[in-house]
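Show me the folded form of this:
(chains A and B)
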There are 2 protein chains.
Amino acid sequence: MFAMTERGHGSNVRGILTEAHYSPSTQEFIIHTPCADAQKMYIGNSMKGNYASVFAQLIIDGQSQGPHCFIVPIRDKHGVMYPGVTAVDMKHKEGLHGVDNGILIFDNVRIPRENLLSKFGSVSADGVYSSPIQNKSCRFNAMLAALTPTRLGVTVQATAAMKVLDGRRQFGPKDQDEVKIIEHQTQYLRLMPHLAAVLALIFTNRFVAEMMDDALCSGEDLESNRTLQALVAGLKAYSTWQNVQCLQECRECTGGMGFMMENRIPAVKCDSDVFVTFEGDNMVMLQVVVRELMAKYTHQMGTSLVGGLIRNWTNSISDSLQTSFLGFSTDRVGDLSFLLKALAYRERVLQRSLAARLYEKVCVDNKDPFFDAWNSCLHHITSLALAHIHTVTLEQFALAVQRCPVEEDRALLTKFCLLHGTSLLYQERGWYLEHHYLTPSTSRQIRTQLLELCRSVKDEALKVVSDFNVPSCCIQAPIAGIANPRAQWAFYSPPDPRGKGTLILQKLI
Amino acid sequence: MFAMTERGHGSNVRGILTEAHYSPSTQEFIIHTPCADAQKMYIGNSMKGNYASVFAQLIIDGQSQGPHCFIVPIRDKHGVMYPGVTAVDMKHKEGLHGVDNGILIFDNVRIPRENLLSKFGSVSADGVYSSPIQNKSCRFNAMLAALTPTRLGVTVQATAAMKVLDGRRQFGPKDQDEVKIIEHQTQYLRLMPHLAAVLALIFTNRFVAEMMDDALCSGEDLESNRTLQALVAGLKAYSTWQNVQCLQECRECTGGMGFMMENRIPAVKCDSDVFVTFEGDNMVMLQVVVRELMAKYTHQMGTSLVGGLIRNWTNSISDSLQTSFLGFSTDRVGDLSFLLKALAYRERVLQRSLAARLYEKVCVDNKDPFFDAWNSCLHHITSLALAHIHTVTLEQFALAVQRCPVEEDRALLTKFCLLHGTSLLYQERGWYLEHHYLTPSTSRQIRTQLLELCRSVKDEALKVVSDFNVPSCCIQAPIAGIANPRAQWAFYSPPDPRGKGTLILQKLI
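Model prediction:
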């Protein structure tokens, strides 16, 4: 089990309070919980597991070397607790019922010196600390980089959940009455953009997974690849929020059926709800993205930030000259290149203006502490992070479309790619109008385009979903046409001839 | 129990398939389920209840008089099933575990003639049908009007759920570390608009409940009060969606704590998720609102719809002249009158343009059947319905503020009222920019105003929430400072001095 989070410290790992004192006389570490806030909480498998990797402040001669990770025995194979360890069941949760979550409390638990995971720092027998990374802050960041692969895992899981869900929509091709439900404009307008986003995430995940494989295979340390860390953090946030929204829309669009356990939407919904929180809270993840974007930006601008800001201003002017043509020409908003440029433009402007705002607050006015300045820009920061991730997903989708060898598939993917870009642009049309990038009439055109694209892909959605190749044993939901033996009452019959053609709206007419 | 929904017909009550044949020889109705699609589904309490009010097509001499409601015995007090009735448990759901849901199937079940609820139609002993409402469609609408009070009930429940939730946020005034969480801009930006919306809904619900009381006490039939029906339908949709969003934000903003059952957010979330579906699916409810708005509009315009459209066009011009001053003056967006006018303007424009679009499609082109025309405008229709409800909630909030006798409270309520209006305007700033109602700079000002209002009310949120007077036995959540004896491990301790001042963001700096 993985024991990082504490009662008093969720996202702030740097501030954890569990202590690991080195005792040179016995060559042991003494793991201790000094106060209630230091209790390890939400620890998965804590009522059954044998060993935990516990994050604690490594303390030598009363001085902390920062958080390190220790292997601590919790109970033996017969379930007998290790001396000094207490585990408390936290019992019921909204979802993820397959794993328990509990509290671990350590009362001066002694473990051998070898149980310190020593990649980032080790202690000699006589109690001298050494680390390959001298700077304490860098060391800490390196340690957190180890979370990157599991964050990507969450992204993949969230994407998978959406794939499964998409298969559960009520597109029964033999079922006339049900098919009609998707014919309602609001139904396809709610569902199709999510399907486009799932495709975008599949391609983006592949791209990032390849980046990570390359890094790992070439022996590169993930901690030095901050671009990758930031990308994974941002994708984790975007995909898990997409997941929550997609599941909610699926639940609502399938009505009462979506509320029944046998159709499995509720369980997937409740299980994956916590994805936005664990493996790094999404709000924190977005800030990781922006930290990296700002670092890159400062690097590009060179040492003179003021000079950089002036150059930035000049570039910004030429930028809007370049794009004003697009902004006022109404016949090209359907081009993928227009959508890509628009997303990139927004990211660039948000980045520059954030740099200027932070610089103003911290350096010029010289009055705001960095935290206050950062916090007063938090809405701006999270917008920038999402704008960046949106751009990446559309770029990767566009590249995947280019690579697609089968013409027919490429045509279909192109439509979904345009839909993804149009949907992202539509969400932010207020911003584009504020920045004169869209005119009122182009903005209206974007809405028409969104409606039209959703309508045009709705009949091909089933084909796309079946190409996900989700095994039917993983779906097992009557609503998707796969019977569930424990819910024999739940079948979706072809409509009775007398019921044929009856539409929700008839009662309104 | 209330047995309306069928396997094949959820929202479309007009098309239900259960049959009630009158047998003059025995003076009985024979209730029958002719096919699988006619099975009554999702029926609450069907595994325990003794009687059901069953909606079925009343058939006399082979001709249907439309849906009517019958009292059908299901089982006796010893639990023995009534002959011909079958009940099947539908088992597990996402929430609402306190009530079972099941399927009822009728195999030629005989009930006495008196068991027809005869307000809207009755059958004489010799089998002659009579009704106070001659028109079959009007009769049906009158019957559905009976759902109005329970819809308002759902609205009240959704509001109550939000009230409880608001109390559960981590504002512990004695708990320094926790208080800091609300200091993050993204936290208060996510939570405060929901609190403002809860207040708006409380005042609007009171207003509508008074309307309904007046109607009922004066002996008025609810079916003739279509304005009230439409208002309740719209409020049902708006409040239940608000509820889902508010709960999701509360869950995410409270992190892992929000995922734990003892803090009760998950249960409230899962229970109330289905509110958007039952008592009339929200998408259908919004169409009920617009049906009424369009009927009123046609009435106002007189018999000549073409003349009406021309007048409409003229009014629209003068409208934008009236408001362009506001649109370009940047010093008044903080006035409540500006916000009220802006919301009313949007509703008016959406209504006029919808009338014009439908007229164009159905009457001028004369080619689209009404359903296709209506369906191709569905996004427009739902936008109009929500715009109408938004306007009503802001108006009622503003009136409540005016009536508030205590100056200090009035000042606080004014801030929340401005926040509600600003938040509604901000959501739709794209539309206002498209229609030149906001200039790019006023639009940016709206965002600044939203951030500033959220910041300014965050410290008074606890006062407002405590004024809801939700009894602590209804909250019983450790996260709100009320211990739960079944979850003794779940307490939120004051921060350890060593942990004091540690902020999530420190690791980013």
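
Report the inter-axis angle for the helix or strand encompassing A:Cys250 versus helix B:226-253.
Using DSSP states H and E, A:Cys250 sits within helix A:226-253. Computed with axes from the mean of the first three to the mean of the last three CA atoms, to 10 degrees, the direction of helix A:226-253 lies at 150 degrees from that of helix B:226-253.

Now the element after helix A:226-253, going C-ward?
Taking DSSP H and E, what comes next after helix A:226-253 is helix A:265-273.

list the buried ones in that next one?
Buried residues in helix A:265-273, counted by 16 or more other CB atoms under 10 Å in any protein chain shown: A:Ile265, A:Pro266, A:Ala267, A:Val268, A:Lys269, A:Cys270, A:Asp271, A:Ser272, A:Asp273. C-betas here are computed from N, CA, C, even on glycine.

Show me how far the following helix or strand past that helix is from its chain's centre.
Toward the C-terminal end, the helix or strand that comes next after helix A:265-273 (DSSP H and E) is helix A:282-301. Its chain's C-alpha centre and that of helix A:282-301 lie 16 Å apart, by CA atoms, centre = their mean, to the nearest Å.

Check which residues of helix A:282-301 are buried.
Residues A:282-294, A:297, A:301 are the ones in helix A:282-301 that count as buried (16+ other CB under 10 Å).

Now do that helix and helix A:226-253, the angle between them.
Using the same axes, to 10 degrees, helix A:282-301 lies at 140 degrees relative to helix A:226-253.

Do any residues in helix A:282-301 lie close to chain B?
Yes. Using CB under 8 Å from any CB of the partner chain, we find that helix A:282-301 touches chain B at A:Asn282, A:Met283, A:Val284, A:Gln287, A:Val288, A:Arg291.

Next: stretch A:372-380.
Yes. With CB under 8 Å from any CB as the measure, stretch A:372-380 is seen reaching chain B through A:Trp374, A:Asn375, A:Ser376, A:Cys377, A:Leu378, A:His379.

Could you find the closest non-adjacent residue to the second one?
In other words, A:Asn375. B:Gln185 (5.5 Å; CB to CB, 6 or more residues apart in numbering or on different chains).

A:His379 is in contact with the one you found, correct?
Yes. Under the criterion of CB atoms under 8 Å, B:Gln185 makes contact with A:His379 at 5.7 Å.

how does chain A divide up, domain by domain?
For chain A, the TED database gives the domain ranges A:2-120, A:140-282, A:302-463.

Turn the buried residues of helix A:265-273 into TSV, columns for pLDDT.
Listed next are the buried residues of helix A:265-273 as TSV, based on pLDDT from 0 to 100:
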residue	pLDDT
A:Ile265	84
A:Pro266	86
A:Ala267	86
A:Val268	84
A:Lys269	87
A:Cys270	89
A:Asp271	87
A:Ser272	86
A:Asp273	89
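
so which of the residues you listed also contact chain B?
Checking the buried residues of helix A:265-273 against chain B (CB under 8 Å from any CB), the matches are A:Ile265, A:Pro266, A:Lys269, A:Cys270, A:Asp273.

Against A:Lys93, how distant is the first one?
A:Ile265 sits 18 Å away from A:Lys93, going by CB to CB, to the nearest Å.

ok, back up a step: just name the closest of the residues of stretch A:372-380 next to chain B to chain B, please.
A:Leu378 (3.8 Å; CB to the nearest CB).

re earlier: what is in contact with B:Gln185 and A:His379 at once?
Here B:Gln185 and A:His379 have B:Leu451 as joint contacts, going by CB atoms under 8 Å, 6 or more residues apart in numbering or on different chains.

the more surrounded of those two?
B:Gln185 (20 against 15; other CB atoms under 10 Å in any protein chain shown).

Got the phi and psi for A:Trp431?
phi -60, psi -50 (degrees, to the nearest 10).

mind checking how far it is from A:Arg190?
According to CB to CB, A:Trp431 and A:Arg190 sit 22 Å apart.

okay, those two: which has more neighbours?
Neighbours were tallied for A:Trp431 and for A:Arg190 using other CB under 10 Å; the higher tally belongs to A:Trp431 (23 against 19).

OK, contacts around that one?
Neighbour list for A:Trp431: A:Arg346 [criterion: CB under 8 Å, 6+ apart].

got the contact list for the helix or strand hosting A:Val54?
Secondary-structure assignment from DSSP H and E places A:Val54 in strand A:51-60. Applying CB under 8 Å, 6+ apart, the external contacts of strand A:51-60 come out as A:1-4, A:13, A:16-22, A:29, A:31, A:40, A:43, A:46, A:64-74, A:104, A:106, A:116-117, A:121, A:123, A:127-129.

Any stretches of the stretch 301-450 of chain A with poor pLDDT?
A:301-331, A:365-368 (pLDDT under 70).

Kindly recompute the last result at 50.
For the stretch 301-450 of chain A, residues meeting the criterion pLDDT under 50 lie at A:306-307, A:309-311, A:313-314, A:316-331.

which stretches of the stretch 301-450 of chain A form helices?
Using DSSP state H, counting those that start in this stretch, the helices of the stretch 301-450 of chain A run over A:305-328, A:336-359, A:370-376, A:378-403, A:407-427, A:429-434, A:440-457.

for chain B, what are the nearby residues on the stretch 101-250 of chain A?
Going by CB under 8 Å from any CB, the residues of the stretch 101-250 of chain A near chain B are A:Ile103, A:Phe140, A:Leu144, A:Asp177, A:Glu183, A:His184, A:Gln185, A:Thr186, A:Leu189, A:Val244, A:Gln248.

buried sites along the helix holding A:Cys250?
A:226, A:228-253.

now do stretch A:421-433
Under 16+ other CB under 10 Å, the buried positions of stretch A:421-433 are A:Gly421, A:Thr422, A:Ser423, A:Leu424, A:Leu425, A:Tyr426, A:Glu428, A:Arg429, A:Gly430, A:Trp431, A:Tyr432, A:Leu433.

I'd say the fourth one and A:Leu340 touch.
No. Counting by CB under 8 Å, A:Leu424 stays clear of A:Leu340, with 10.5 Å between them.

and for these two, which residues touch both?
Counting by CB under 8 Å, 6+ apart, the contacts common to A:Leu424 and A:Leu340 are A:Leu394.

What helix or strand is A:Pro469 located in?
That one is not Pro; residue A:469 is Asn. Using DSSP H and E, no helix or strand contains A:Asn469.

next one: phi and psi at it?
According to degrees, to the nearest 10, A:Asn469 has phi 60, psi 40.

What is the burial count for it?
Neighbours of A:Asn469 (other CB under 10 Å): 8.

Show me which helix runs longest in chain A.
helix A:185-217 (DSSP state H).

helices or strands up against that helix?
helix A:148-166, helix A:176-183, helix A:226-253, helix A:378-403, helix A:407-427, helix A:440-457, helix A:461-467, helix B:378-403 (3 or more CB pairs under 8 Å, 6 or more residues apart in numbering or on different chains; DSSP states H and E).

Next, format the ones next to chain B among the buried residues of helix A:265-273 as CSV and append distance to A:Arg332.
CSV is the format used below for these (distance: CB to CB, whole Å):
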residue, distance to A:Arg332
A:Ile265, 39
A:Pro266, 44
A:Lys269, 40
A:Cys270, 44
A:Asp273, 40
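
which one of those residues sits closest to chain B?
Using CB to the nearest CB, these come closest to chain B at A:Pro266, 3.3 Å.

Which residue is the nearest non-sequential neighbour of that closest one?
In space, A:Pro266 is closest to B:Glu94, 3.3 Å off (CB to CB, 6+ apart).

can you count the residues close to that neighbour?
20.

how close does it get to A:Phe278?
For B:Glu94, the distance to A:Phe278 - CB to CB - is 21 Å.

what's the answer for A:Arg14, then?
Distance from A:Arg14 to A:Phe278, by CB to CB: 18 Å.

Check A:Leu350 too.
Applying CB to CB to A:Leu350 and A:Phe278 gives a distance of 28 Å.

Next one, pLDDT for A:Lys174 please.
Looking at A:Lys174, its pLDDT stands at 33.
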